[in-house]
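>>> no FASTA, just this:
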């Protein structure tokens, strides 16, 4: 049961809202936790036990660490190392699928959706407690809600514990918040169902053809379909989770800020999965940079942190290469591109680089991804063929609409629209538009392809 399932949309979600608002305010937090546990349990007992076990271990170690800090102990690093080791082990067990250690059947059947976000969340919490940036939580219900809160379970946002706790305490649900939340939820649902699922079908069509038989243009179309599908899948689920949370009066920050047509790689990186990238900067890059003053070593640490981010996305060499290329491109920009360039030129070069880098996330192996990139640049000596024409005839409209929807052009146009009358008309029409899009998505959910494969990798 994920956010884009009919069972969730027309069953679990409205029922959870009804229960939440029927509960006394003092019981709402506990009610949210119980509903989150039911949501986790819907994926299976292993899923629920994994999350609950991880929560109890990190809660206990956080309490121990907090007490040791209070007593002035010099050994607070022991529970920190124990907790980080346990969390990383859990992440590797369920994500790495190490050959010879874990059988594929075990890894696939036991893989809990969202375990990556859980691991980073609790590791960040332990490091904040260790450094005195956050007090150890004494209330087990509050900490369980942090780790199992279902609107942020699948795709974040990846918040520090003190920020999440403040958001929960300051919750103030209202009809206006519910309206905003429903609009965000349907927006995210449309991203997933109308855009990502159709793009995934296009990506699968290209993937079904042998690389050596692809033309250059077909290879570029496949890479574009994958990157756009990845963006709409991740940002769609993030928007759905944020919208659900708004309905409960808990305001979560956005995870994406229209990165696809940025004019620099550094702007793309700053708008892509923002809280996740901030996590690696906060807990890996910055602490390591304080250990040295050498510029070249600081640059190496910067690229290393991006390698770790890429490895988090995809636990193999392809993920490491993707992160290294993003980090390396940002360094080259800062050292080579000193002068301003035309915004259109920057957007084109960034967009093309993002497609090339994305091949390493899409490929089954680094060697296969490299072969695919060679094909993109004419390795098969075919610019286009009949398969290219088929792709354009079948998916050109969805590609054009998706590229436009991945930018902030429509949002900027709406913000610049003058006149109180126009704004009132837009506000009045929003509920009808949201309802219509929800109905369209409901119809499409029965017939479209599925991009859960990409989602399950995270």
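In hand now; what should we look at? Small disclaimer: the values here were computed from a predicted structure and weren't measured.
>>> Just the endpoints, please. Distance across stretch 370-389?
25 Å (C-alpha to C-alpha, to the nearest Å).
>>> From the chain's centroid, how far away is that stretch?
30 Å (C-alpha atoms, centre = their mean, to the nearest Å).
>>> same deal with stretch 179-190?
Distance, centroid of stretch 179-190 to centroid of chain: 17 Å (C-alpha atoms, centre = their mean).
>>> Could you pull out the helices in the stretch 51-200 of the chain for me?
Assigned by DSSP state H, counting those that start in this stretch, the stretch 51-200 of the chain shows helices spanning 77-95, 104-110, 115-131, 140-148, 161-169, 175-190, 197-207.
>>> low-scoring stretches of the stretch 51-200 of the chain, by residue?
Scanning the stretch 51-200 of the chain for pLDDT under 70 picks out the ranges 96-113.
>>> try it again with 50
Along the stretch 51-200 of the chain, segments meeting pLDDT under 50 span 98-111.
>>> show me what contacts residue 36?
The contact partners of residue 36, by C-beta atoms under 8 Å, 6 or more residues apart in numbering, come to 145, 148-150, 153. For glycine as for every other residue, the C-beta is placed from the backbone atoms N, C-alpha and C.
>>> Show me what counts as buried in whichever helix or strand it is part of.
Assessed by DSSP states H and E, residue 36 sits inside helix 25-41. Within helix 25-41, the residues that count as buried by 16 or more other C-beta atoms under 10 Å are 28-29, 31-37, 39-40.
>>> Please apply the same query to stretch 8-25.
So stretch 8-25, judged by 16+ other C-beta under 10 Å, has buried residues 8-9, 12-13, 16-17, 20.
>>> Go through those and flag which are in helices.
Among the buried residues of stretch 8-25, the ones falling in helices (DSSP state H) are 13, 16-17, 20.
>>> Could you export those residues to TSV, including columns for distance to residue 95 and pLDDT?
Formatted as TSV, these follow (distance: C-beta to C-beta, whole Å; pLDDT from 0 to 100):
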residue	distance to residue 95	pLDDT
13	28	94
16	29	94
17	33	93
20	33	92
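>>> Going by distance to residue 49, which of the buried residues of stretch 8-25 wins?
residue 12 (20.3 Å; C-beta to C-beta).
>>> Residue 1 is in contact with the closest one, correct?
Yes. In this structure, residue 12 is within contact of residue 1 by C-beta atoms under 8 Å, at 6.4 Å.
>>> residues shared between the contacts of the two?
39, 42.
>>> I'd like the buried residues of helix 25-41 as TSV, with pLDDT and distance to residue 369 appended.
Listed next are these as TSV, based on pLDDT from 0 to 100; distance: C-beta to C-beta, whole Å:
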residue	pLDDT	distance to residue 369
28	90	48
29	90	46
31	92	46
32	93	42
33	93	42
34	93	44
35	94	41
36	92	37
37	92	40
39	91	35
40	87	34
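>>> so can I have a markdown table of the residues you listed showing distance to residue 273?
A markdown table is the format used below for those (distance: C-beta to C-beta, whole Å):
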| residue | distance to residue 273 |
| --- | --- |
| 28 | 30 |
| 29 | 28 |
| 31 | 30 |
| 32 | 25 |
| 33 | 26 |
| 34 | 30 |
| 35 | 26 |
| 36 | 22 |
| 37 | 27 |
| 39 | 22 |
| 40 | 23 |
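>>> The helix ranked longest in the chain relative to helix 25-41, how many degrees between them?
When the chain is parsed with DSSP H, its longest helix is helix 216-247. The directions of helix 216-247 and helix 25-41 differ by 150 degrees, with axes from the mean of the first three to the mean of the last three C-alpha atoms, to 10 degrees as the criterion.
>>> Can you give me the domain assignment for this structure?
6-170, 177-264+337-456 (automatic domain parsing).
>>> want to throw those domains into a markdown table with distance to residue 280?
Formatted as a markdown table, those follow (distance: least, C-beta to C-beta, whole Å):
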| stretch | distance to residue 280 |
| --- | --- |
| domain 6-170 | 9 |
| domain 177-264+337-456 | 14 |
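>>> Quick one: closest of those to residue 293.
domain 6-170 (21.2 Å).
>>> what about that closest one, how long is it end to end?
31 Å.
>>> cool, stretch 195-215 as well?
Stretch 195-215 end-to-end distance (C-alpha to C-alpha) = 24 Å.
>>> returning to what we had before: got a winner among the contacts of residue 36 for most neighbours?
The most crowded member of those, judged by other C-beta atoms under 10 Å, is residue 150 (26 neighbours).
>>> residues contacting it?
Residue 150 makes contact with 35-36, 39-40, 244, according to C-beta under 8 Å, 6+ apart.
>>> What's the local residue count around residue 229?
Residues near residue 229, counting by other C-beta under 10 Å: 28.
>>> Quick one: residues contacting the nearest residue to it once chain neighbours are set aside.
Excluding the flanking residues, the one nearest residue 229 by C-beta to C-beta, 6 or more residues apart in numbering is residue 199, at 3.9 Å. Residue 199 sits next to 225-226, 228-229, 232, 395, 398-399, 402, 451 when contact means C-beta under 8 Å, 6+ apart.
>>> now, which of those sits nearest residue 207?
The closest of these, once distances to residue 207 are taken by C-beta to C-beta, is residue 226, at 8.5 Å.
>>> separation between the closest one and residue 200?
The gap separating residue 226 from residue 200 is 8 Å, by C-beta to C-beta, to the nearest Å.
>>> Can you get me the start-to-end distance on stretch 192-201?
Stretch 192-201 has an end-to-end distance of 12 Å (C-alpha to C-alpha).
>>> please begin residue numbering at 6 from this point
Got it, the first residue is 6 from now on, which makes the last one we talked about stretch 197-206.
>>> List the buried residues in it.
So for stretch 197-206, counting by 16+ other C-beta under 10 Å, buried means 197-206.
>>> Compile the residues you listed into CSV and extend it with columns for distance to residue 72.
Formatted as CSV, the buried residues of stretch 197-206 follow (distance: C-beta to C-beta, whole Å):
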residue, distance to residue 72
197, 44
198, 49
199, 52
200, 50
201, 46
202, 50
203, 54
204, 51
205, 49
206, 54
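>>> which among those gets closest to residue 388?
Nearest to residue 388 among those, with distances taken as C-beta to C-beta, is residue 204, at 22.8 Å.
>>> The closest one and residue 195, how far apart?
Using C-beta to C-beta, one gets 13 Å for the distance from residue 204 to residue 195.
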